[in-house]
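Chemist: build the 3D model from these lines:
(one chain, ligands or ions: 1)
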Amino acid sequence: MKGYIPDNKVEEVKNRASIVDLVSEYVTLKKAGRNFVGLCPFHKEKTPSFTVTPDRQMFYCFGCGEGGGVFTFLMKIAQMTYPEAVRHLAKKTGVVIHERISQKERQEDSRREQLIRINETAAGHYVRNLVSPSGKEALAYLRKRGVREETIKAFRLGLAANGWHHLRDFLEKEKASLENAEQAGLLVPGKDGHLYDRFRDRLMFPVEDLSGRVIAFGGRIMGAGEPKYLNSPESDVYVKGRNLYALNRAKDAIRRQGYAILVEGYFDLISLWNAGITHVVATLGTALTKDQIELICRYTTHVVVLFDPDEAGRKALTRSLELFLAGNLSARALVLPEGLDPDDYVRAHGSDRLLELINGAPSLVDYYIDHVLGDQGGFEKDRDSLRKAVAFIKHIEDVLDRNLFIKRVSEKLGIDQELLKKEISRARPAITDGSAIRGVHRAEIEKLEMDLVHLLLIHPEKIVPVTHASILDHFTNGDLKNFGESLLKSAAAGLQHWDAVERVSRLGPGPIREGLMKKLMEGRPFEEEKILDRLIVDVTRQIRRRWYKEKHKALKMDIGKAQEADDADLCSRLLVEKERLLREEKMLGI
Ligand SMILES: [Zn+2]
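Modeler: A predicted model of the protein is given here:
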C-alpha cells in the first residue's frame, strides 16, 4: 500500500482504459456478438468461457468465476496491488497522478518493507550457506530424505550455520540494520547486550506471504537438541496463525484440483510437493486457527486433513474438527496406515497410492466417531466416550449436522438416542439464534438475498432507502449482510464514483462474488422505476417472511427441548420471545 490516489483520478484512468485492449495483451480474444471470448488465463480450459463485455468494462469467466474490471484484471494476472494497477494503467492512458502520502502511512509502509527486506537478505544468506562447504552435511540430509534439487531451490531452503554470530557478521558486513534484524526475530540480545543469531545449526524454511515475500522462518535442528523446530517470533509482518505455509505456491493448484490438502509440518509439505502433489498447505506447527480456515476458504471449501498418526497429530485433528464444522467447510480426514507420516508414506509407496487414499478418506465426522470416541468396551470407557461426545456435540451449531452426529454416536456407543439428546440439550447454551438455518432453505434464501443485493448494486440510489428499513438484519448469509452494510456505508457517503463491478471484485473468492459477478454481467438495469420498486418490495418481503419462518422453527425446537429438560424458566422466556416475534411480524405487515 502506497499513497492515496484521489477517486476522480481512479475514475479518469478507468474511463480512458479499454478492457478489451488490456485483456488482449494477455489473452487472445474473439468477437462474439457484443462480447469477446477467449481461453481463461485463470484456469485450464479447452473451450473459451472467459468473456469480456466492453459495455460494462468487465470480464467474467463462466468456468472458474473470476471476474472484475480493469484493475482487478491487472491485479490478478500481473499480481499487482490495487494502487500498483491504478498507477500502471494511468501511465498507459496518460493520466498524471500526484499522490498524497501521509507521514504515518509512509512510516508503516517502510517498517513492513524493511522487515521483509531483512528477511529476504537473511534468506539469501541461508541459501548460500547450504551450497557452501559448510552445508555439505545438511544437503546430504535433504538428499537422504529424497528432497530434489528443484524443490530445494523452489522453497529457498537454507542453512543457519553452527555458531553464535554468522548471520550477525554477515548483516554487519552488508551494512544492514541490526535493529531491523532484531525486530524480525533473526537476532536476539544476550545478557551482555550483544546480539546473537537466533537460528543456529538449523535447516531453514522461509515462510512466504501470498506474494512470495519472506515474512518469517522455521528452522529444524540439524543435530541433537531442542526444540526440534524453532519459528520466528511474531513481528509487524508475521502473525502466528494467520498464514499457511506454501499457500502462495499451492493456491492455483488448489483451485484446479478443487480441494486442498492440509498437513502439519514443513517436511510433510515438501515431500508431497517433491512427489508432484502441489495442492497442499501446512499449518506451521501451530494448531489450526479460524483465520487459517478463512484463508483456505478463499480458494476452496473442500479440505483433506492429513495428520501424523501420533498422539499430537490426533489431538490436532480433533481440535480442528470443531473449527471445520463451524467454518462450513467440508473436511475429510486421513491418518496414514502403518504409523507412517506423509513424508515416509510417499517415499515408501509413491504419490499415486497416497492420492488413492486421499480420495477414499472418510469425512472428519466419521473419523471422529471411529477414532476419537474409540472402540467400545467397558463401562468406564463408555462413560468417558459419552462425556466426550456430549462435550463435542454441544458445539455443533447446525441442527442437521448435530442430529446426524447424535444418531451416529448413539449407534456407535449403543446409547439411546433420546438420552443422548437430553444430555446435550442440558449442556447446550439455551437460546439459539437464526444462524442455525441451513440446508435447502438456506440456498433459497441466499438466492433472494443475492437478488436484492444485485438490484441495489445496479441501482445504488435505492441502497439508503431500502437498507434503512433494517432488511439487512433479516439476512441469513453473514457475508452478504456484511457486504450490504459496506454498500450502505459508502452509499450514505455519496454515489459519485459508484462502480458496482469494482465493489464486487473486491469480495473474497467464493459463491457470493461469483453469483454477483454473473448477475452484473447478464442483468440489465430497470428503466422503469415503478417496476424496480415493486420488485424490491417483493424481494424484501420474501426475505423477511422466510427469516421469521425459520426463527419460529428454531424457537419451536428450543421450546420442545426446554420442556424435555423440565426447565420451566427457560420455557417461559422462550414463549415471551415467541410473542415478541409475532408482534414484530404484524408490525412489519408480513
Ligand atoms: Zn476461468
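Chemist: list the contacts of the spatially most central residue of the chain.
Modeler: By C-alpha atoms, centre = their mean, the chain has its centre lying nearest to residue 295, at 1.9 Å. By C-beta atoms under 8 Å, 6 or more residues apart in numbering, the contact list for residue 295 reads 242-244, 247. Glycine gets a C-beta too; all of them are placed from N, C-alpha and C.
Chemist: can you get me a residue count around residue 529?
Modeler: By other C-beta atoms under 10 Å, the residues close to residue 529 number 11.
Chemist: kindly report the same for residue 84.
Modeler: With other C-beta under 10 Å as criterion, residue 84 counts 16.
Chemist: circling back: what would the contacts of residue 295 look like in JSON lines with neighbour count and pLDDT?
Modeler: Below are these laid out as JSON lines (neighbours: other C-beta atoms under 10 Å; pLDDT from 0 to 100):
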{"residue": "242", "neighbour count": "15", "pLDDT": "82"}
{"residue": "243", "neighbour count": "26", "pLDDT": "87"}
{"residue": "244", "neighbour count": "26", "pLDDT": "92"}
{"residue": "247", "neighbour count": "21", "pLDDT": "90"}
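Chemist: of these, closest to residue 575?
Modeler: For these, the residue nearest residue 575 by C-beta to C-beta is residue 242; the value is 44.3 Å.
Chemist: how close does that closest one get to the ion?
Modeler: Using C-beta to the ion, to the nearest Å, residue 242 is found at 28 Å from the ion.
Chemist: and what of residue 271?
Modeler: 31 Å.
Chemist: now the nearest residue to residue 548 once chain neighbours are set aside: which helix or strand?
Modeler: For residue 548, ignoring the flanking residues on the chain, the nearest one in space by C-beta to C-beta, 6 or more residues apart in numbering is residue 585 at 5.4 Å. Residue 585 is part of helix 568-588 when elements are defined by DSSP states H and E.
Chemist: break this protein down into its structural domains.
Modeler: If you go by automatic domain parsing, the domain ranges for the chain are 7-93, 103-231, 247-370, 373-429, 432-590.
Chemist: make a markdown table from the contacts of residue 295 and add secondary structure to it.
Modeler: Listed next are the contacts of residue 295 as a markdown table, based on DSSP: H, G, I helix; E, B strand; the rest coil:
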| residue | secondary structure |
| --- | --- |
| 242 | coil |
| 243 | coil |
| 244 | coil |
| 247 | helix |
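Chemist: circling back to that earlier point, let me see the mean pLDDT of the helix holding residue 585.
Modeler: Averaging pLDDT along helix 568-588 yields 87.
Chemist: against which helices or strands is it packed?
Modeler: Secondary-structure packing of helix 568-588 (3 or more C-beta pairs under 8 Å, 6 or more residues apart in numbering; DSSP states H and E): helix 529-564.
Chemist: tell me how far residue 362 lies from residue 175.
Modeler: Residue 362 sits 57 Å away from residue 175, taking C-beta to C-beta, to the nearest Å as the criterion.
Chemist: more neighbours: these two, which one.
Modeler: Regarding residue 362 and residue 175, a neighbour count based on other C-beta under 10 Å identifies residue 362 as having more, with 14 against 6.
Chemist: what residues does this protein have near the ion?
Modeler: Within the chain, the positions near the ion by C-beta under 5 Å from the ion are 40, 42-43, 61, 63-64.
Chemist: which residues in the stretch 401-550 of the chain form helices?
Modeler: For the stretch 401-550 of the chain, the helices defined by DSSP state H, counting those that start in this stretch cover 417-427, 440-458, 463-468, 478-493, 500-505, 511-522, 529-564.
Chemist: what strand or helix carries residue 205?
Modeler: Using DSSP H and E, residue 205 sits within strand 202-208.
Chemist: now find how far off-centre the helix or strand following that strand is within its chain.
Modeler: Under the assignment DSSP H and E, the closest C-terminal helix or strand after strand 202-208 is strand 214-221. Put simply, strand 214-221 sits 22 Å off its chain's centre (C-alpha atoms, centre = their mean, to the nearest Å).
Chemist: swap in stretch 263-270?
Modeler: Stretch 263-270 sits 19 Å away from the centroid of its parent chain (C-alpha atoms, centre = their mean).
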